[in-house]
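Trainee: Pasted the sequence and its predicted model underneath.
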Amino acid sequence: MLSDVIKKYGGEKMDPLDVYKDIFRIGEGFIQKEYEDSGSFKANPIAYYKNENEDHGHFRIMFEDKFEEIYQNELVNADFCVMNGLTYFGAKYTSDRASKMCAMIFDIDGVTDNSLNNFFYAAFNKEFDYYPLPNYVALSGHGIHLYYVFEEPVPLFPNLKLQLKEFKYSLTEKMWNKNTSVDEKVQKQGINQPFRILGGKCKKNAPLDRVEVYRVNQHPVNIEYLNRFVPTKIEIDEKKLFKESKLTLDQAKEKYPEWYENKVVKGIRSYWTVKRDLYDWWIQQIK
């Protein structure tokens, strides 16, 4: 059984809610509460579920203070329910509304005991260092989902979304091969792809009734680590990623008094003077 292979490599079966708490830092104020001031510019995971007796599905904003309640009362027993490792502004998980990537998730189908053993052997063996070691492995019924949880959530600016898409495609090609799957057709999925929720129902006729999840690595990953497994031209320059300040406003006032005086007290805005045609071109790009 796949679960036996995971346990062979030290995998520990987890409570699905504990995994989501790890991914989305629930309890740390990272995602928005239901009635929190929208000016905090926080975003939330979005789940989608549908029951067989319903004509349409439902999108659910996973607020920090309602996460467990929504999961237990609406998601876990739904006939079909998916979610990914991103947070979003708004009520639907569309790419244009994506805010941050908390975890990058991969789907590999056609996994057998032997092929999963091949994957783990190469991932754990430092001499090979051939596959990145995931934090969590979910058994979805007919395959596995690999969860890579980031040390710091990755901000999803438009240009970075495109880079991360190619980045994920390249990693998928690396990890899904004849040694790790009996399915020769590699299915590459973008960063916005949702997956059956942990602990939720599997497909009918699947070997498992519910999606099981195991922790195999307690150390979160970063872009620098994942860069080791893609071609140089695909690598993402982590130094160029926008880093959010951890300073409070009072701390920023003390450390950057000139900035505070100009931006907060006087409200001076920065701008550039450009040619009108360049301005109009950018307006069209935005639209």
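Mentor: Received it, and whenever you're ready, just let me know what you need.
Trainee: What's the per-residue pLDDT of Lys275 here?
Mentor: Per-residue pLDDT puts Lys275 at 74.
Trainee: where's it relative to Trp282, distance?
Mentor: Distance, Lys275 to Trp282, using Cβ to Cβ, to the nearest Å: 11 Å. (Each C-beta comes from the backbone N, C-alpha and C, glycine too.)
Trainee: So which of the two has more stuff around it?
Mentor: For the pair Lys275 and Trp282, the greater number of neighbours falls to Trp282 (11 against 8), based on other Cβ atoms under 10 Å.
Trainee: Where do the helices of the stretch 101-250 of the chain begin and end?
Mentor: Taking DSSP state H, counting those that start in this stretch as the criterion, the stretch 101-250 of the chain carries its helices at 113-124, 158-175, 223-227, 249-255.
Trainee: Return the set of buried residues in the third one.
Mentor: In terms of neighbour count (16 or more other Cβ atoms under 10 Å), helix 223-227 has its buried residues at Ile223, Tyr225, Leu226, Asn227.
Trainee: for the second one, same thing?
Mentor: For helix 158-175, burial by neighbour count (16+ other Cβ under 10 Å) applies to Leu160, Lys161, Leu164, Lys165, Phe167, Lys168, Tyr169, Ser170, Leu171, Thr172, Lys174, Met175.
Trainee: give the contact list for Ala43.
Mentor: Residues near Ala43 by Cβ atoms under 8 Å, 6 or more residues apart in numbering: Ile31, Gln32, Thr87, Tyr88, Phe89, Ser99, Lys100.
Trainee: any weak-confidence spans in the stretch 101-250 of the chain?
Mentor: Counting by pLDDT under 70, the stretch 101-250 of the chain shows low-confidence ranges at 240-247.
Trainee: Going along the chain, name the strands of it.
Mentor: 136-139, 143-155, 195-196, 212-215 (DSSP state E, counting those that start in this stretch).
Trainee: Quick one, which of the ones you listed gets closest to Lys255.
Mentor: Nearest to Lys255, of all the strands of the stretch 101-250 of the chain, is strand 143-155, at 20.5 Å by Cβ to Cβ.
Trainee: How far off centre is the closest one?
Mentor: Distance of strand 143-155 from its chain centroid, counting by Cα atoms, centre = their mean, to the nearest Å, is 5 Å.
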